[in-house]
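Asks: Task: produce atomic coordinates for the following.
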Amino acid sequence: MSGMLRPMKLFLKRIHQPLKAVLLILLAAMFGTGKATARYLIGQTNEQLTPIQREIERQRQRLKSDDAEERRDALMRLGNLKRPDASRIAAAALTDVAPMVRVAATHAIQSLPPAEAVTLLVPLLQDKMEFVRRETAYALGKTRSHSAVGPLESVLLNDKETSVRGAAAVALGEIGDESSVQSLSRILSGQSGQKKKSKGASNEFVMRAAARSLGQIKSHSGVSVLIATLTNDNNENDVRREAATALGLIGDPAAEAVLRVASASNDPYLAAAAYEALRRIFRSRRTSV
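Replies: Purely as a prediction, here's the structure:
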């Protein structure tokens, strides 16, 4: 077999690249898996790849490793390339047996077109691992795709884990679709689909995230529930503070009265948040005149 390589090399040097690629395929079929021929043909193929393409191919090979940590590292490198072709290679790992590898894949596919990324990510919202569902929700927020709103709202209202519901609330704020105001408002008013209402710090985390997201969306339809949240003394001060901040971001004058009251709160952080919210509303009023 090795005796055939020399004339093969000389012949390939004299032909154009497109024809060379076709001949390489034919030669691979003719000579099968002969090691010397295979190594040569692979080398010829790699010569035609750009440095980025060669790097993608290296990481694709690493994804076949039995070592989960190596697969995870390969996904991080693919994600750092910030290229759709690299992200498509990474997408294969979304079904990896190791949860940490699946999570790494959710972040590595962020260079795909948003709609394509959402299609790949949504099934992982049903993953059996809380860690995977949570990180998938965050990844969906990063896509900024409105097609992710429905699945995220379902998770926000129904997932049994607080961390996952909180991540969904954060993601909805990043997407900024006004249609999600209703589901976020349900969280603040205690009308989620949970059979058992979360208590204590867990529920506080989700409520804070929901209030913050309403501020990011900046819809006036969220003002009433934010005012109710701010004026409800049964809510934790951290939740009320987020509600005050959100009202300032929305800039609706209807919130001025309750913000003035909150700015005199005994809690210095709540008072500061309310005062800053009032300043935002006043500034927006001046600029609109």
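Asks: from here on, contacts and neighbour counts on C-alpha atoms
Replies: Fine.
Asks: Against residue 206, how distant is residue 270?
Replies: Separation of residue 270 from residue 206 (Cα to Cα, to the nearest Å) stands at 18 Å.
Asks: Could I get the buried residue list for the helix or strand harbouring residue 229?
Replies: Residue 229 is located in helix 223-231, with elements delineated by DSSP states H and E. For helix 223-231, a neighbour-count test (16 or more other Cα atoms under 10 Å) marks 223, 225-227, 229-231 as buried.
Asks: What residues sit buried inside stretch 104-123?
Replies: For stretch 104-123, by 16+ other Cα under 10 Å, it's 104-112, 114, 117-118, 121-122.
Asks: Identify the farthest-apart pair in those residues.
Replies: Every pair in these was compared (Cα to Cα); the two farthest apart turn out to be 104 and 114, at 17.4 Å.
Asks: Domain-wise, how is this protein divided?
Replies: Using automatic domain parsing, the domains assigned to the chain come out as 1-48, 51-112, 128-217, 219-289.
Asks: Need the ones you listed in JSON lines (columns: mean pLDDT).
Replies: Formatted as JSON lines, the domains of the chain follow (pLDDT from 0 to 100):
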{"stretch": "domain 1-48", "mean pLDDT": "52"}
{"stretch": "domain 51-112", "mean pLDDT": "97"}
{"stretch": "domain 128-217", "mean pLDDT": "92"}
{"stretch": "domain 219-289", "mean pLDDT": "94"}
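Asks: Deepest-packed of these, please.
Replies: Most buried of the domains of the chain, by mean neighbour count (mean count of other Cα atoms under 10 Å): domain 128-217, with a mean of 21.
Asks: tell me how far that domain is from the chain's mean position?
Replies: In terms of Cα atoms, centre = their mean, to the nearest Å, the gap separating the centre of domain 128-217 from the centre of its chain is 13 Å.
Asks: and which of the buried residues of helix 223-231 is nearest residue 151?
Replies: Taking Cα to Cα as the measure, residue 151 lies nearest residue 225 of these, at 22.8 Å.
Asks: for the closest one, what are its contacts?
Replies: Residues in contact with residue 225, defined by Cα atoms under 8 Å, 6 or more residues apart in numbering, are 185, 188-189.
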